[in-house]
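K.L.:
Okay, sequence plus prediction incoming.
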Amino acid sequence: MGPAAVGGAIAGCLDSCAQARALVDALTPEQYVHAEPGHSSIGAHMRHCMDHFLCFLRGLDAGEINYDARDRDEALENSREVFQRVVSDVCEALSALDGANLSRPLVMRQIPAPGFEPVFANSTIDRELLFLMSHCIHHVAIAKVLARAWGITMPANLGVAYSTVAWKNSTEDNNASS
């Protein structure tokens, strides 16, 4: 299914999930769970991303997304196979979204800072999908740095913001035509 068929924000989420899956597929189970003292494992970053997607999907029917109500499921953090199953389920659910309904209003609920009560902010499905895509790409970038410590080489654009890729491509095009 092409980007026009699913909507740009959905396509971005599907691509960011595909990037996360590609990164995880390049790891051994030990590399997925390894963490230096005081730091998160790649599995923890991937679990964190999927938690956000799952919160979004759970909140759609009610029209309220609560990113603080994450499951924080250690099985997802500690098993590549569980991650692969969950990311597949998330992609299936995202692909099933109605691309014509992306401007539907939502309320996003989240604690803004330590000691504060949750804030309720007006949003849309499209806006939350854009957040999820950007958030996932950010964590893929962090995981890519961690994977380099294992000597794993990843594609240059893996974990790079789509706007940065577009800017680099336009810069290269401009340089080529000069």
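P.N.:
Sure, I can see it.
K.L.:
Going along the chain, name the strands of this structure.
P.N.:
Assigned by DSSP state E, the strands in the chain fall at 64-66, 105-110, 119-124.
K.L.:
highest average neighbour count across these?
P.N.:
Ranked by mean neighbour count under mean count of other CB atoms under 10 Å, these are led by strand 64-66, which reaches a mean of 19. Using the backbone N, CA and C atoms, a C-beta is placed for each residue, glycine as well.
K.L.:
Any regions of the chain where pLDDT drops low?
P.N.:
Applying pLDDT under 70 to the chain picks out residues 1-6, 177-178.
K.L.:
Skipping its backbone neighbours, what lies nearest the spatially most central residue of it in space?
P.N.:
Among the residues of the chain, the one closest to the centroid is Cys136, at 2.3 Å (CA atoms, centre = their mean). Spatially, and ignoring its direct neighbours in sequence, Cys136 is nearest to Ser16 (3.8 Å; CB to CB, 6 or more residues apart in numbering).
K.L.:
Thought His139 was touching the one you found, still the case?
P.N.:
No: if you go by CB atoms under 8 Å, Ser16 and His139 don't touch, sitting 9.1 Å apart.
K.L.:
follow-up on the earlier one: tell me who's in contact with the residue nearest to the centre of the chain.
P.N.:
13, 16-17, 19-20, 49, 52-53 (CB atoms under 8 Å, 6 or more residues apart in numbering).
K.L.:
now with 7 Å?
P.N.:
16-17, 20, 49 (CB atoms under 7 Å, 6 or more residues apart in numbering).
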